[in-house]
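>>> one predicted model, sequence on top.
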Amino acid sequence: MLLIDGEEKVGVIPTEEAITRAQEKGLDLVEVSPLADPPVCKVMDFKNYLYNEKKKGKKQKRAQKQIETKTIRLSIRTDIHDLEVKAKKARKFLEGRNIVKVVVLFRGREMAHGDLGFVKMKQFYEMLQDIANIEQEAKRQGYQMTMILNPK
């Protein structure tokens, strides 16, 4: 077997000799590449190696971006300039690879004018159609109407 001791290659030696070298140093003999000819073994502290691998895995998991759902609230009385400001904010969310949930709230007598809610949703989507796809069409649920947008 080919033995690697630390960072230096020792060479091809019998298995028993490799085991005794590892035991003399108080370390473990780990088979790194069993399919190679001859098999490659390394003298190392295996518990420390496992600890470092677990630490690397946690660090990579922390670095991953979790997809979030951001909510933008509108009303049928929201004016065009305010709609543009909210569309600009939604654009930032979509560029950050987040899902945007657009909600139009109805109050009092506005409940009778559901068609105006659909118009607001359509206006809002037209401002973002270059960067967003509709995941869920606008639908009414009680006193609110929702639409979900995904980044392209």
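Now that the structure is in, tell me what you want to look at.
>>> from now on I want contacts and neighbour counts done on CA atoms only, so please keep to that.
Noted.
>>> which SSE is immediately downstream of the longest helix seen in the chain?
Longest helix in the chain, counting residues (DSSP state H): helix 46-63. Going down the chain from helix 46-63, the next helix or strand is strand 69-75, by DSSP states H and E.
>>> what comes up buried for that next one?
69, 74-75 (16 or more other C-alpha atoms under 10 Å).
>>> and stretch 81-97, by the same measure?
83, 86-87, 90-91, 93-94, 97.
>>> kindly report the same for stretch 121-140.
121, 124-125, 127-128, 132, 138-140.
>>> equivalent analysis for stretch 28-47, please.
Buried, per 16+ other C-alpha under 10 Å, within stretch 28-47: 28-30, 40-44.
>>> am I right that residue 2 is in contact with residue 17?
No. With contacts counted by C-alpha atoms under 8 Å, residue 2 stays clear of residue 17, the gap being 11.4 Å.
>>> show me which of the two is the more surrounded one.
With neighbours defined as other C-alpha atoms under 10 Å, residue 2 and residue 17 compare such that residue 2 has more, 21 against 11.
>>> spatially nearest residue to the more buried one, not counting backbone neighbours?
residue 12 (4.2 Å; C-alpha to C-alpha, 6 or more residues apart in numbering).
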